[in-house]
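**Q** Here is my input, please return the structure:
(chains A, B and C)
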Amino acid sequence: MKTRTDLPQRCYALLKNIPAGKVTTYKLLAEALDTQAYQAIGQILSKNPDLVRVPCHRVVKSNGEVGGYASGEAAKIALLQQEGIEVVDRRIHNLNAVLYVFNDKPSKN
DNA sequence: TTGATGACCTGAG
DNA sequence: ACTCAGGCCATCA
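**A** A predicted model of the protein is given here:
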């Protein structure tokens, strides 16, 4: 049973697992946390207790937009571009290419 | 405990 | 392609 009591805590943990040059969506992140509170994820990130430890700027929306950011959307876009992600007018060109996938299904390997 | 808010998502015009 | 409205879940006061 996934303890959904500390959702924020889990968000930060997963974000830390996201490497540079990769991004994820609030929806996928919520799914990875075994929940459906997409908005809750956004709110948790908006609180952002550790903006330096948690790469919340690598979290974008499902429609391809970068979404929002504590320092501003522009700052978020700039960071993404520095990571090597192509962003144009608040939108990611190759979202599917930079989209990060969690180890939700370990399988046999 | 109830009420209101949100860095969202999906569907329809 | 873009805009408008509704809904869903969790967190905060």
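**Q** Point to the residue nearest the middle of chain A.
**A** A:Val59 (2.5 Å; C-alpha atoms, centre = their mean).
**Q** list the contacts for the residue nearest to that residue when sequence neighbours are not counted?
**A** If the residues on either side of it in the chain are set aside, A:Val59 comes closest to A:Thr24, at 5.8 Å by C-beta to C-beta, 6 or more residues apart in numbering. (Each C-beta comes from the backbone N, C-alpha and C, glycine too.) When the contact criterion is C-beta atoms under 8 Å, 6 or more residues apart in numbering, the partners of A:Thr24 are A:Ile18, A:Ala32, A:Arg58, A:Val59, A:Val60, A:Leu99, A:Tyr100, A:Phe102.
**Q** Run through the residues you listed and flag the ones next to DNA strand B.
**A** Counting by C-beta under 7 Å from any atom of the strand, the subset of the contacts of A:Thr24 that neighbours DNA strand B consists of A:Val59.
**Q** Can I get the buried part of the contacts of A:Thr24 as one ChimeraX selection?
**A** Burial among the contacts of A:Thr24 is assessed by 16 or more other C-beta atoms under 10 Å; the matching ChimeraX selection reads:
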select /A:18,32,58,59,60,100
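**Q** Next step: the contacts of A:Thr24 restricted to helices.
**A** Of the positions in the contacts of A:Thr24, A:Ala32 sit in helices, assigned by DSSP state H.
**Q** Strands along chain A, start to end?
**A** Assigned by DSSP state E, the strands in chain A fall at A:24-25, A:59-60, A:87-88, A:91-92.
**Q** Could you export those strands as JSON lines, including mean pLDDT and distance to A:Ala74?
**A** Below are the strands of chain A laid out as JSON lines (pLDDT from 0 to 100; distance: least, C-beta to C-beta, whole Å):
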{"stretch": "strand A:24-25", "mean pLDDT": "96", "distance to A:Ala74": "20"}
{"stretch": "strand A:59-60", "mean pLDDT": "96", "distance to A:Ala74": "14"}
{"stretch": "strand A:87-88", "mean pLDDT": "94", "distance to A:Ala74": "10"}
{"stretch": "strand A:91-92", "mean pLDDT": "94", "distance to A:Ala74": "13"}
